[in-house]
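1. here are the coordinates; sequence isn't available:
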């Protein structure tokens with residue numbers, strides 16, 4: 001993870017993240033969090049997180065973006081939406097986790113030893129390149145950079161998927177892939193760059 005060394009960098013990053021989160025549909029509801037813990041208590045992967053969703057919201061509101069990004073919480077979110085459904089303030093916690101993941105990848109602020117951010121990054125690259133995910137390409141990049149041991153573990157399954165036509169070696173681009181790329185570029189252009 002790139003280190004945020006100055007207070008000005010941390011403040012700027014927090015402002016950039018706040019701007020993005022507040023621009024999400026109902027993003028301003030994060031201000032209404034009562035720290036009741038319903039989200040953390042509902043989370044099926046909360047036991048494996050450095051901080052529960054409740055603590056992520058508290059850290060976010062306190063301007064501790066770097067602390068959130070150093071941890072594993074946003075990467076452990078399974079998108080089950082239990083936290084969002086059970087939140088008495090109707091905060092879209094799962095959407096917040098997605099946004100924090102996206103921004104962490106965009107600003108290159110994720111733990112280098114973590115596997116989930118790398119897999120997410122390769123997924124996004126594949127979608128931007130082809131308009132859809134090309135699993136073979138994504139998994140090849142991931143195994144080459146993060147976990148060689150997956151090759152033998154998933155080799156048999158990969159061959160079965162390939163034989164069934166479910167894991168092609170070459171990617172097929174979808175119609176409209178350029179529109180997807182333009183949309184992603186437009187969203188990225190609306191954000192504040194970190195110095």
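-> That came through fine. The structure presented is a predicted model; accordingly, all values stated were derived computationally and were not measured.

2. residues in contact with the least confident helix or strand in the chain by mean pLDDT?
-> Taking mean pLDDT, DSSP states H and E as the measure, the helix or strand of the chain with the lowest value is helix 177-189, at a mean of 77. Residues external to helix 177-189 that are found in contact with it (CB atoms under 8 Å, 6 or more residues apart in numbering): 106, 127-132. Quick note: C-beta positions are derived from backbone N, CA and C, even for glycine.

3. I'd like these laid out as JSON lines, including pLDDT, neighbour count and distance to residue 184.
-> Putting the contacts of helix 177-189 into JSON lines (pLDDT from 0 to 100; neighbours: other CB atoms under 10 Å; distance: CB to CB, whole Å) gives the following:
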{"residue": "106", "pLDDT": "79", "neighbour count": "17", "distance to residue 184": "10"}
{"residue": "127", "pLDDT": "86", "neighbour count": "18", "distance to residue 184": "8"}
{"residue": "128", "pLDDT": "85", "neighbour count": "13", "distance to residue 184": "6"}
{"residue": "129", "pLDDT": "87", "neighbour count": "16", "distance to residue 184": "11"}
{"residue": "130", "pLDDT": "89", "neighbour count": "16", "distance to residue 184": "13"}
{"residue": "131", "pLDDT": "87", "neighbour count": "19", "distance to residue 184": "11"}
{"residue": "132", "pLDDT": "85", "neighbour count": "14", "distance to residue 184": "13"}
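
4. now, the most widely separated pair of those residues?
-> Taking CB to CB, the two most distant members of these are 106 and 132; they sit 20.6 Å apart.

5. With distance to residue 88 and secondary structure added, can I get the contacts of helix 177-189 in a markdown table?
-> Formatted as a markdown table, the entries for the contacts of helix 177-189 read as follows, by distance: CB to CB, whole Å; DSSP: H, G, I helix; E, B strand; the rest coil:
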| residue | distance to residue 88 | secondary structure |
| --- | --- | --- |
| 106 | 31 | helix |
| 127 | 35 | helix |
| 128 | 37 | helix |
| 129 | 42 | helix |
| 130 | 41 | helix |
| 131 | 39 | coil |
| 132 | 38 | coil |
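
6. How far off centre is the least confident helix or strand of the chain?
-> Here the centre of mass of C-alpha atoms in helix 177-189, compared against the chain's by CA atoms, centre = their mean, to the nearest Å, lies 18 Å away.

7. just checking, what packs against the helix or strand containing residue 18?
-> Secondary structure assignment for residue 18, by DSSP states H and E: helix 7-23. Counting contacts by 3 or more CB pairs under 8 Å, 6 or more residues apart in numbering; DSSP states H and E, helix 7-23 packs against helix 65-70, helix 93-106.
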